[in-house]
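In: Structure for the following, please:
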Amino acid sequence: MSSTVSKRELLALLSRHSRLLRQILRHQHILRGSFHRVHTRCGKANCWCAKSKKGHPHARLTWSEEGAMVTRKVGASAKKAVVKLTDNYKRFCEQRRALSDLERQIQNRLDDHEKALIHETRKPLGLFPRTLPLSAKNRRSLQRDRAGPN
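Out: Now for the predicted structure:
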């Protein structure tokens, strides 16, 4: 691959990186955790939930904090906001993973670009390495030949 091609690819990756980073930075409010609905029984013998399969519905937010799981009840008035904020968090995490993958691709393309530049610099100088790698036996033989007679 030529340095021109690798440079073009790097610039395209950089453009994608910039767009993705701008998307990530647009997030203003996120809420880490998992929102879900659960059903529980209150324990009162004469309540309708004692005979029901599911029980009373509750909305909850669960997250991990310092290695411990934390669960909090979400009121009806906050339910819509919590759903939106946890969705924002999921999107944030997805975009962050995509950014990490893109950064790995950029590193790989930089490695390719470095190799292409070195190759293009060596070419006019005639400083090419041997085309076939030497086996261990041939390397020892070459070292003995260079050392000369004992």
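In: need the longest strand for this structure.
Out: Secondary structure of the chain per DSSP state E: the longest strand is strand 56-65.
In: so what strands line up beside that strand?
Out: strand 34-40 (antiparallel), strand 68-74 (antiparallel) (DSSP bridges).
In: Can you tell me which of these is most buried?
Out: Of all those, strand 34-40 has the most neighbours on average by mean count of other CB atoms under 10 Å, namely a mean of 13. Heads up, the C-betas are built off the backbone N, CA and C, glycines and all.
In: Please report the number of neighbouring residues for G33.
Out: 20 (other CB atoms under 10 Å).
In: The residue lying closest to it once chain neighbours are set aside: what's it in contact with?
Out: The shortest distance from G33 to any non-neighbouring residue, by CB to CB, 6 or more residues apart in numbering, is to W63 (3.4 Å). Applying CB atoms under 8 Å, 6 or more residues apart in numbering to W63 gives the contacts 32-34, 69-70.
In: about what we covered before: what is the mean pLDDT for the longest strand of the chain?
Out: Averaged across strand 56-65, the pLDDT comes to 92.
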